[in-house]
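Peer 1: Curious how this folds, go ahead:
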Amino acid sequence: MFSYKNLVKSIFKKKTDLISCYYESGSHSLSHILDVLKKVDKADKIYIPFFICQEVIDVLSSKDIEIKFYNITNELYVDESSIDLSTINDRTIILIINYFGFPANWEYIEYIKNKTKCIIVEDNCHTLRSSYRGKALGKYGDISFDSLRKVLPVLSGSVIRCNSQKYIISNKESKLPNFSQIKYSFRSLRKLSKKIIPREVSNSHYYSGIDVFSKTIHSKYLFDYENIKEKRVANFKFWENFLLSRGLKRILNLQNFEDVIPYVFPCFINTHNDIKKWMEWGYANNIVIIKWPNLAKDKFIGNNSLKNVLLFPVNEQQIMTQERIIHEF
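Peer 2: This next block holds a predicted model:
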C-alpha cells in the first residue's frame, strides 16, 4: 500500500539510488527493451514460458517478432526438453522469469547462452532483493526489468538494468501521477475501495516514465529490507503450515533457497471448483487470493499442473496468524 509518510520522509533526503532507467511499469519496460533488442541485435524471435501473465503476451503481440513457447516444470524451472537449441541463435531472445521472487535454473540458462549466443531477458517483476549463488537476481540476464509497485509501497515504476555494455537504455522523464494512481494512494489514508489498483496504459506501442512520487520514494527512501524479508518469510511459513494441513500442495520450498524474499505463497489446487471455494474463503476473510496466470484456457498449452495455481499474500503490511482467520475453510 502506498505511504505518504514515506514520501514526506524521502523529499528531504539525498538521493541514494543511482539507477536512472525508470519506466512506468514492467510492461512499459519490456516494450522498450524489445525495441532496443530489435534495433541492436536484429532480434526476430522470442521464447517465452507458457506460464506467464497476459500483459506480457499483449506487449509481444504489438511487436513484429515471432513468438515461441517453452514449458515450465512443477518446480518453476525451464523445462530443458521443451527447447530445441538448434532453432536458437544470436537473434533469438529467451525471456526468463524468476517466479514469485525465487531464482530460475540459471545453470541451464547460462549453458544455453554460452552454446547459442542468444539474448537473455530477465523478468524480475516478482523479485525484491533476492539472490542466487551470491549474485542478485536481475544481474543474470543480458538485460532485466522489474515492477516496483508489485513489491514496494509505490504507485508505479519499473527499473531496467543493462548487464551488457552494448545496450544503452534511455531514461523516460517522470510525470505526475494519473487520476487512478492518486485515487489508489488514498487507500493509506482512508479505505475508499478494496478493489482500486493503479491503471496501467495498455497500449504496448507506447511507454512512459515513473510518477514523481514513486521515483522520489524509490531513489531516496531507505527501506528496511531485512525487516521486510523477516515478515514475508514468516507469512510464507504461516501459509505453508496452514494450507498444507488442508490438502493443498506447495510449489516452492523456502528451505531449498539461501537468500529469497518471497512475493507470494504459490500452491497447486486440485480442481477449478476448489479454486472457487478458496477465492470465496479469501473474500470472506478479507484476504486477497489471486488465480495466476489470468489466461484464457485455450491459450494455455503447457504443464497441466500449472493451470490451477493460487497465490496467497505474504506482504509485510500485515502478519498472518491463526487469529487473523475469521471464517475457517
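
Peer 1: CA only for contacts and neighbour counts going forward, please
Peer 2: Will do.

Peer 1: Scan this protein for its longest helix.
Peer 2: helix 225-244 (DSSP state H).

Peer 1: and Tyr77, what does it touch?
Peer 2: Ala104, Asn105 (CA atoms under 8 Å, 6 or more residues apart in numbering).

Peer 1: Helices of this protein, start to end?
Peer 2: In the chain, the helices defined using DSSP H lie at 4-11, 26-40, 54-61, 106-116, 148-151, 179-185, 212-220, 225-244, 272-284.

Peer 1: What is the neighbour count of the nearest residue to Lys42 once chain neighbours are set aside?
Peer 2: Using CA to CA, 6 or more residues apart in numbering and skipping the chain neighbours, the partner closest in space to Lys42 is Arg91 (6.0 Å). Arg91 is flanked by 19 other residues according to other CA atoms under 10 Å.

Peer 1: just Asn285 next, same as before
Peer 2: Neighbours of Asn285 (other CA under 10 Å): 14.

Peer 1: Let me know whether it touches Phe329 as I believe.
Peer 2: No: Asn285 is beyond contact range of Phe329, at 10.0 Å (criterion: CA atoms under 8 Å).

Peer 1: if we can go back for a sec, touching the longest helix of the chain from outside, list them.
Peer 2: Contacts to helix 225-244, defined as CA under 8 Å, 6+ apart, come from residues 129, 249-250, 260-265, 312-316, 319-321.

Peer 1: buried subset of the residues you listed?
Peer 2: Listed as buried from those are 129, 249-250, 260-265, 312-316, 320; burial here means 16 or more other CA atoms under 10 Å.

Peer 1: Among those, which pair sits farthest apart?
Peer 2: Spanning the widest gap among those are Arg129 and Lys249, at 26.1 Å by CA to CA.

Peer 1: Can you give me the buried ones in the longest helix of the chain?
Peer 2: So, applying 16+ other CA under 10 Å, buried residues of helix 225-244: 228-229, 231-240, 243.

Peer 1: ok, now which ones touch the closest residue to Tyr22 other than its chain neighbours?
Peer 2: The shortest distance from Tyr22 to any non-neighbouring residue, by CA to CA, 6+ apart, is to Val159 (4.8 Å). For Val159, the contact set (CA under 8 Å, 6+ apart) comprises Ile19, Ser20, Cys21, Tyr22, Tyr23, Ser29, Phe145, Asp146, Ser147, Leu148.

Peer 1: distance of Ser214 from Cys125?
Peer 2: Remark: distance between Ser214 and Cys125 (CA to CA, to the nearest Å) = 16 Å.

Peer 1: Actually, Pro177.
Peer 2: Taking CA to CA, one finds Pro177 at 21 Å from Cys125.

Peer 1: In terms of packing, which of the two has more residues around it?
Peer 2: Neighbour totals were compared for Pro177 and Cys125, and Cys125 leads with 26 against 18 (other CA under 10 Å).

Peer 1: Model confidence score at the residue lying closest to the more buried one once chain neighbours are set aside, please.
Peer 2: Ranked by CA to CA, 6+ apart and with sequence neighbours excluded, the top spatial neighbour of Cys125 is Asp146, at 4.0 Å. On pLDDT, Asp146 comes in at 96.

Peer 1: number of nearby residues for Asp146?
Peer 2: Residues lying near Asp146 (other CA under 10 Å) number 27.

Peer 1: what's near enough to touch Tyr47?
Peer 2: Taking CA under 8 Å, 6+ apart as the contact definition, Tyr47 lies against Ile67, Lys68, Phe69, Tyr70, Thr92, Ile93, Ile94, Leu95.

Peer 1: quick one: the fourth one and Leu76 touch, right?
Peer 2: In other words, Tyr70. No: using CA under 8 Å as the test, Tyr70 is too far from Leu76 to be in contact (11.9 Å).

Peer 1: which stretches of the stretch 201-329 of the chain aren't confidently modelled?
Peer 2: Scanning the stretch 201-329 of the chain for pLDDT under 70 picks out 201-206, 295-301.
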